[in-house]
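> Kindly generate the corresponding structure for this input.
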Amino acid sequence: METIRLTMAQALVKFLDNQYISFDGEERKFVKGVFGIFGHGNATGIGEALEHHTGNLKYLQGKNEQGMVHAATAYAKQKNRLEIYACTTSIGPGALNMVTAAATATVNRIPVLLLPGDIFASRQPDPVLQQIEDQTDFTISSNDAFKPVSKYWDRVSRPEQLMTAALNAMRVLTDPVDTGAVTLALPQDVQAEAYDYPVEFFKKRVHYIERLIPSDEAVERAIQLITKKKYPVIIAGGGVHYSFATKELAKFTEDFHIPVGETQAGKSALSWKHAYNMGGMGANGSMASNILAKEADLVIAIGSRLTDFSTSSKWAFDNPDVEFLSINVSGFDAMKMESQMLVADAKVALQKLTESLELRDYQSKHDLSRLKDLKDEWTKEVDHYYSQTVDNGLSQTRVIGEINKFVEKKDIITCAAGSMPGDLLRLWRTTEPKTYNMEYGFSCMGYEVAGAFGAKLAADDDQEVYAFVGDGSYLMLHSELVTSIQENKKITVLLLDNNGFQCIHGLQIGQGSEGFGNEFRYRSEEDNQLSGDYLDIDFAANARSLGAKGYTVRTIDELKEALEKAKQETVSTLIDIKVLPETNSGTYESWWHLGVAEVSESEKIKKAQMVMEAHKSKARKY
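Model prediction:
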């Protein structure tokens, strides 16, 4: 057997550079490059390997370990999970900074390869700088924290172990069912150790994604369920995008007159103008979708995990005869809400269901004029929010409306946390698929700016990318704004500054609280609480100090001018938009289950607890 002598790190880099993926006959390079921040634990291992690598992996310098993994996640999401970046860090805090982002990727079923440096396998320098010591088990390091947030975890303690570890990593990363964060912990001494690797290990490998085809019996069971129902609704999830099933979804809903509600991951699968797109579904959903959900006798979930937000904490469906059909590649997700399972690729399943239902002349019994009326009524409601004026400042919904009117159909937006995901699901009007990169599985503050950079890496040259971010999320993490400048990948950060974590402030008030600890205020001498004046933060100046362009706006005219200027800029730009708190959209025919104090001195909280118990009694239990 022909061999080549390489360090473990050199072998890993060489291996990654030769991984390809094939889907529907289209082959593409799977690992596009490596994000990295170097320190002891990877600088002389993977760092050396990347420095002298002569292949086609692109190295990108992250500025924060969590941020660079968010960027890699957004890139893979934008590429429908067919291309990825790996991420390498030093040991200890550098590695642990990736744990939150690893969970974000795993919850959202997005592939990302994490390569944290690890302590010496030899244990000779123990305890090495930044090492956590477990007195009961010397095999444990801080990298064991990745286990519960990874879909595959391994520690390469000998250079020859790399071969099985790397192959298993690729198996999981390219699996539509089990993908997520994959962590290979790499001891810093082993990275630099050499081994005679078989040349065959570095051959071009093509990983084939096969569409999961349902059995005829499973399709027939689904047909029997659909045909006995009169008022079905569809919940379109992220699986519609990952299966490239947007056209099949449109045909299915048009042929059988079935209205569609979108999840955060599924949004943009249908144009907002489509006659049967009723808007967001669930706790952050539209009035139209949620009214139809209450009346539905069948819910067809396509590529959705059926989370509490999509189902209004299992409360959204009032019809006593309602049943659920779930189309999903994952049996684990397909069984939720006691659904009849159609474990299959979304595109294939929709094609087969369409063929069978056409043969049986199936039509829903929805009153088409009523569907139109519901959609028209919701369109007017969104128009109202888009024109909403308030005294002494800007409303969040008006700002979103002006931006929505300004951006082009092909432009991409990113967001993740705060009150904006709710407003964007309800109000943002998408016309093209893959223009809505929302991370809401983990709703991770800090994804927004990094995610915009990752989406820009994946975008076409003529696509602008906009990050919607609150002041709270921006303060938590905006480091990859610098990386976007470094890489000449212009993004526009739309920072809606409402003086604090106002989403949670509003949530508190809605449950009987007076509001506590969520606004950005000075400490008051009178009550020793954070109840003084608002902090005055110049976010545009902060962005300019990092090398970006920065604008501050307080009026609609200033916003329009700033948007025009930002579009003409060739460097990343931040628009600091001062909006008034509590000017977001309201809820419609929905509920979200929160734990409200069962015992309290506050009469408001006691009342909120009673309301919560009443809603709980109506919600499904499983």
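> residue contacts, Leu535?
Counting by CB atoms under 8 Å, 6 or more residues apart in numbering, Leu535 makes contact with 499, 520-522. Heads up, the C-betas are built off the backbone N, CA and C, glycines and all.
> how close does it sit to Cys415?
For Leu535, the distance to Cys415 equals 23 Å [CB to CB, to the nearest Å].
> can you pick the most crowded of the contacts of Leu535?
In terms of neighbours by other CB atoms under 10 Å, the contacts of Leu535 top out with Asn499 at 21 neighbours.
> list the contacts for that one?
Taking CB under 8 Å, 6+ apart, we find Asn499 in contact with 471, 519-521, 534-535, 581.
> What of Pro125?
Pro125 makes no contacts at all, as judged by CB under 8 Å, 6+ apart.
> Asp189 versus that one, what's the distance?
9 Å.
> again with Met163
For Met163, the distance to Asp189 - CB to CB - is 19 Å.
> Of all the residues in the helix or strand hosting Ala288, which ones are buried?
Element membership for Ala288, per DSSP states H and E: helix 287-295. Within helix 287-295, the residues that count as buried by 16 or more other CB atoms under 10 Å are 287-294.
> contacting residues around the nearest residue to Pro176 once chain neighbours are set aside?
Leaving aside its sequence neighbours, Pro176 sits nearest to Val329 (CB to CB, 6 or more residues apart in numbering; 5.0 Å). Counting by CB under 8 Å, 6+ apart, Val329 touches 176-177, 212, 239, 303, 343-346.
> List just the nearest of these to Val206.
Of all those, Val206 sits closest to Pro176, with 16.1 Å by CB to CB.
> ok, longest helix in the chain?
helix 368-386 (DSSP state H).
> Report the inter-axis angle for the helix or strand that it is followed by versus helix 368-386.
Once the chain leaves helix 368-386, the next helix or strand it forms, by DSSP H and E, is helix 396-406. Interaxial angle, helix 396-406 versus helix 368-386 (axes from the mean of the first three to the mean of the last three CA atoms, to 10 degrees): 110 degrees.
> For whatever helix or strand comes next after helix 396-406, enumerate the helices and strands it packs against.
For helix 396-406, the succeeding helix or strand toward the C-terminus, using DSSP H and E, is strand 412-415. Counting contacts by 3 or more CB pairs under 8 Å, 6 or more residues apart in numbering; DSSP states H and E, strand 412-415 packs against helix 420-427, strand 436-438, helix 447-458, strand 465-470.
> is it possible to export these to TSV including mean pLDDT, distance to His478 and mean neighbour count?
Below are the helices and strands packed on strand 412-415 laid out as TSV (pLDDT from 0 to 100; distance: least, CB to CB, whole Å; neighbours: other CB atoms under 10 Å):
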stretch	mean pLDDT	distance to His478	mean neighbour count
helix 420-427	96	15	24
strand 436-438	98	17	26
helix 447-458	98	5	31
strand 465-470	98	8	28
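> Looking at those, which is nearest to Met278?
Of all these, it is helix 420-427 that lies closest to Met278, at 11.4 Å by CB to CB.
> Output that closest one in PDB, but only the C-alpha positions, please.
This file holds the C-alpha atoms of helix 420-427, laid out as PDB (Å, rounded to 0.1, in the frame of the first residue of the first chain):
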ATOM      1  CA  MET A 420     -37.800  41.500  15.200                       C
ATOM      2  CA  PRO A 421     -38.200  37.700  14.400                       C
ATOM      3  CA  GLY A 422     -41.900  38.100  15.300                       C
ATOM      4  CA  ASP A 423     -42.400  41.200  13.200                       C
ATOM      5  CA  LEU A 424     -40.400  39.800  10.300                       C
ATOM      6  CA  LEU A 425     -42.400  36.500  10.200                       C
ATOM      7  CA  ARG A 426     -45.700  38.500  10.300                       C
ATOM      8  CA  LEU A 427     -44.800  41.500   8.200                       C
END
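> for the chain, what helix or strand is lowest in average pLDDT?
helix 502-510 (a mean of 78; mean pLDDT, DSSP states H and E).
> How about residues contacting that one?
Residues from elsewhere that reach helix 502-510 (CB under 8 Å, 6+ apart): 417-419, 422, 470, 514-516, 518-519, 581-582, 584, 594, 608.
> Recalculate using a threshold of 6 Å.
418-419, 515, 518-519, 581-582 (CB atoms under 6 Å, 6 or more residues apart in numbering).
> between it and strand 465-470, how big is the angle?
Going by the same axes, to 10 degrees, helix 502-510 makes 40 degrees with strand 465-470.
> So for helix 502-510, what gets flagged as buried?
502-509.
> Output the contacting helices and strands for the helix or strand following that helix.
Per DSSP H and E, helix 502-510 leads on to helix 539-545 as the next helix or strand towards the C-terminus. When contacts are defined as 3 or more CB pairs under 6 Å, 6 or more residues apart in numbering; DSSP states H and E, helix 539-545 packs onto strand 549-553, strand 573-578.
> Find the residue at the geometric middle of this protein.
Central residue of the chain (CA atoms, centre = their mean): Glu439, 2.2 Å from the mean position.
> Touching, that one and Ala416? I think so.
Yes. Taking contacts as CB atoms under 6 Å, Glu439 lies within contact range of Ala416: 4.2 Å.
> Between those two, which contacts overlap?
Tyr447.
> which non-adjacent residue is nearest Leu371?
Using CB to CB, 6+ apart, the nearest residue to Leu371 is Pro259, at 5.8 Å.
> I figured that neighbour hits Val233, correct?
Yes. If you go by CB under 6 Å, Pro259 and Val233 touch, sitting 5.4 Å apart.
> list residues touching both of these two?
Leu292.
> Neighbour count: these two, which is higher?
Val233 (28 against 25).
> ok, back up a step: okay, the contacts of Asn499 in CSV with pLDDT and distance to Lys273 next?
Converted to CSV, these look like this (pLDDT from 0 to 100; distance: CB to CB, whole Å):
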residue, pLDDT, distance to Lys273
Asp471, 95, 33
Glu519, 86, 38
Phe520, 89, 39
Arg521, 89, 43
Tyr534, 89, 40
Leu535, 93, 42
Pro581, 90, 32
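> Does Ala301 belong to a helix, a strand or coil?
Using DSSP: H, G, I helix; E, B strand; the rest coil, the structure places Ala301 in strand.
> Would you confirm that it contacts Ala236?
No. Using CB under 6 Å, Ala301 is not in contact with Ala236, being 8.6 Å away.
> if we can go back for a sec, which among the helices and strands packed on helix 539-545 is found nearest to Tyr276?
Closest to Tyr276 of these, according to CB to CB: strand 573-578, at 33.7 Å.
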